[in-house]
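# Could you look at this predicted model? Sequence included:
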Amino acid sequence: MLTRIFRGSLIRLALCLWATSMTLSAVAAEPDWAGFRGPSGMGISAAKGLPVTWSESENIAWKTPLPGPGASSPIVFGDRIYLTSYTGFFVPGESGGSQEDLKRHLLALNRKDGKLVWDTAVAAKLPEEDRIRDHGFAANTPAADAERLYVFFGKSGVFAFDHAGKQLWQTDVGSKTHGWGTSASPVLYRDLVFINASVESESLYALDRKTGKEQWRAKGIRQSWNTPVLITAESGRQELIVATQGAVLAFDPDTGKQLWSCKTDITWYMVPSVVASEGVVYCLGGRSGVAGLAVRAGGSGDVTESHRLWTSVKGSNVSSPVFLDKHLYWMHESRGIAYCAVAESGVPVYEERLNRAREVYSSALLADGRLYYLTRDGRAFVLAAKPGFELLATNDLRDGSIFNGSPAIDGSRLLIRSDKFLYCIGK
């Protein structure tokens, strides 16, 4: 009898260990969320088992106070989470402070429990703006590789740190400022790091990852707050895409040569990052009139007549979309409307106003067959990722501050930052 019990226990233990190893293997197979909007830059994850519902008392693995606010998003690399914030000046809810006190912070936290590992502060290069509307002074999300962390702090420059928080290099990419701040995040490619310094110098830079030295620079990047995205044309050619006022531009990522341009008919500034699939680039932006378009990549010169597939008055001024199974999904930043559109034509499949959905600056996240939309007041709407509207959950993390950053993936958990806390959501 005891022998049978012992054997049964061994079998159950073996099964448990096998299941655990399979789970760990699945997690290990998923690339780190090491930059803005994840490995592809398009807000898509293959992660499974993500939470659908949460609140202050449900599915909070840990919650860590932050030294200051920020509109940047968390990233994950190895056993660490990295995030930026700022202190000393124009902090919401705090009086006093001056530009001389303004500092940006790069934070490293332990993935397991959220405990702060280190906090490296960088003094601002002055003068800065007297105020930054809505977004503050830490809106650019870091990027990481095995050797370095890359951070863009506007006119204060681009910085590289090692994983212990030691500064390795700093490069200036322009000295201009803007009342809406700066927000584009570093993008890594081969030995290069790309920086959209539209605010600082109307330029797109490629810097050497090891030294920070300029490798190439493209000028004329105007009214562009979006993070560039690397895509592959049908021919297999790699293209670096950035949306600017009036045009979507494609560059050779190795040389900086402009490959093609496509007029958008959007006259306003461009904030959402593009997404792409099967050689087609989808772009949202602007505040009125034309607000979305599709263009086939792989062209040469002005491709407006030859490669632009459609334009639409449905779009978003701030929040970036996601692409799945020939459909685009996004949230309008101020109307609280969730959209699904046919990618081939731009024609909406649904446009549904979500109850109590206030402003949305966070970009859409697609994972585990679900869409995650986060509002600025801390509500999160979870929708089924299909061309038929289905609201799965409405979650509330309102902590009295602003939620501007986009959700990030940490294994089978979600990371959401506010001006006050970083939340790890999951078991």
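Structure's in. What do you need?
# Can you pull the phi and psi angles for Ser72?
With angles defined as degrees, to the nearest 10, Ser72 sits at phi -70, psi 170.
# Trp330 versus that one, what's the distance?
Distance of Ser72 to Trp330, given as Cβ to Cβ, to the nearest Å: 20 Å. Placement of C-beta: from N, CA and C, glycine included.
# cool, and Leu126?
37 Å.
# Mind checking which of the two has more residues around it?
Using other Cβ atoms under 10 Å, the more surrounded residue of Leu126 and Trp330 is Trp330, with 29 against 11.
# for the protein, which spans come out with low pLDDT?
The chain contains residues with pLDDT under 70 at 1-30.
# residue ranges for the helices of it, please.
For the chain, applying DSSP state H gives helices covering 2-29, 198-201, 304-307.
# which non-adjacent residue is nearest Glu147?
Nearest residue to Glu147 in three dimensions, chain neighbours excluded: Asp162, at 7.2 Å (Cβ to Cβ, 6 or more residues apart in numbering).
# now Glu352
Phe389 (4.8 Å).
# show me what contacts the one you found?
Ala338, Cys340, Tyr350, Glu352, Leu383 (Cβ atoms under 8 Å, 6 or more residues apart in numbering).
# roughly how far apart are the last one and Ala338?
When you say that, I think you mean Leu383. Distance from Leu383 to Ala338, by Cβ to Cβ: 6 Å.
# Now do the shared contacts for these two.
Common contacts of Leu383 and Ala338 (Cβ under 8 Å, 6+ apart): Tyr329, Leu371, Tyr373, Phe389.
# Show me which of those residues are buried.
Tyr329, Leu371, Tyr373 (16 or more other Cβ atoms under 10 Å).
# Any chance of these in a markdown table with distance to Lys48 as columns?
What follows is these, written out as a markdown table (distance: Cβ to Cβ, whole Å):
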| residue | distance to Lys48 |
| --- | --- |
| Tyr329 | 19 |
| Leu371 | 15 |
| Tyr373 | 20 |
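# Among these, which ones are in strands?
Under the assignment DSSP state E, those contribute Tyr329, Leu371, Tyr373 to strands.
# May I have the beta-bridge partners of the last one?
Right, the one you point to is Tyr373. In this structure, Tyr373 bridges to Phe381 when assessed by DSSP bridges.
# Surely it and Leu392 touch.
No - using Cβ atoms under 8 Å, Tyr373 is not in contact with Leu392, being 11.4 Å away.
# residues shared between the contacts of the two?
Val382, Leu383.
# so which pair among the contacts of Phe389 is furthest apart in space?
Tyr350 and Leu383 (10.0 Å; Cβ to Cβ).
# shared neighbours of these two, anything?
Listed as contacting both Tyr350 and Leu383 by Cβ under 8 Å, 6+ apart are Ala338, Phe389.
# In terms of neighbours, single out the busier of the two.
Taking other Cβ under 10 Å, Tyr350 and Leu383 do not tie; Leu383 has more neighbours (22 against 15).
# quick check, nearest of the ones in strands among the buried ones among the shared contacts of Leu383 and Ala338 to Gly96?
The closest of those to Gly96 turns out to be Tyr373 (Cβ to Cβ; 35.3 Å).
# quick one, what contacts that closest one?
Neighbour list for Tyr373: 319, 331, 338, 354, 357, 360, 362, 364-365, 380-383 [criterion: Cβ under 8 Å, 6+ apart].
# Swap in 7 Å and give it another go.
Listed by Cβ atoms under 7 Å, 6 or more residues apart in numbering, the contact partners of Tyr373 are Met331, Ala338, Val360, Ala364, Ala380, Phe381.
# Out of these, flag the one nearest to Thr171.
Among the contacts of Tyr373, Ala364 lies closest to Thr171 (Cβ to Cβ), at 31.6 Å.
# Which residue, neighbours along the chain excluded, lies closest to that closest one?
Nearest residue to Ala364, sequence neighbours excluded (Cβ to Cβ, 6+ apart): Val322, at 4.6 Å.
# Just give me the neighbour total for the one you found.
By the criterion of other Cβ under 10 Å, Val322 has 22 neighbours.
# And Lys219, by the same measure?
Counted with other Cβ under 10 Å, Lys219 comes out at 9.
# Then Gly49?
14.
# if we can go back for a sec, most widely separated two among the shared contacts of Leu383 and Ala338?
Tyr373 and Phe389 (12.6 Å).
# Thought Ala197 was touching His178, still the case?
No - with contact defined as Cβ atoms under 7 Å, His178 does not reach Ala197; the gap is 11.5 Å.
# Looking at these two, which is more packed in?
The neighbour comparison of His178 against Ala197 (other Cβ under 10 Å) goes to Ala197, with 24 against 18.
# Skipping adjacent residues, who's closest to that one in space?
Leaving aside its chain neighbours, Ala197 sits nearest to Val173 (4.0 Å; criterion: Cβ to Cβ, 6+ apart).
# can you tell me how far the residue nearest to Ala61 when sequence neighbours are not counted sits from Arg398?
Among residues not flanking Ala61 along the chain, Cys424 sits closest, at 4.3 Å (Cβ to Cβ, 6+ apart). Applying Cβ to Cβ, the value for Cys424 to Arg398 is 17 Å.
# More neighbours: which of these two?
Neighbours were counted for Cys424 and for Arg398 using other Cβ under 10 Å; Cys424 has more, 23 against 13.
# beta partners of the more buried one?
Trp62, Leu415.
# Let me know whether the residue nearest to Ala61 touches Leu415 as I believe.
Yes - using Cβ under 7 Å, Cys424 makes contact with Leu415 at a distance of 5.9 Å.
# residue contacts, the nearest residue to Gly38 once chain neighbours are set aside?
Once flanking residues are discounted, Gly38 sits nearest to Ser45: 5.8 Å by Cβ to Cβ, 6+ apart. Going by Cβ under 7 Å, 6+ apart, Ser45 touches Gly38, Ala367, Ile409.
# so how far is Pro407 from Ser45?
Ser45 sits 10 Å away from Pro407, taking Cβ to Cβ as the criterion.
# Equivalent analysis for Asp325, please.
21 Å.
# neighbour count winner among these two?
Neighbour totals were compared for Asp325 and Pro407, and Pro407 leads with 28 against 9 (other Cβ under 10 Å).
# residues contacting that one?
Pro407 makes contact with Ser362, Leu365, Tyr372, Leu374, Leu414, Leu415, Ile416 under the criterion Cβ under 7 Å, 6+ apart.
# which one of those is nearest Leu116?
Closest to Leu116, out of all of the contacts of Pro407 and judged by Cβ to Cβ, is Leu415, at 14.6 Å.
# My read is that the closest one contacts Ala408, right?
Yes - contact status for Leu415 versus Ala408: in contact at 4.3 Å, counting by Cβ under 7 Å.
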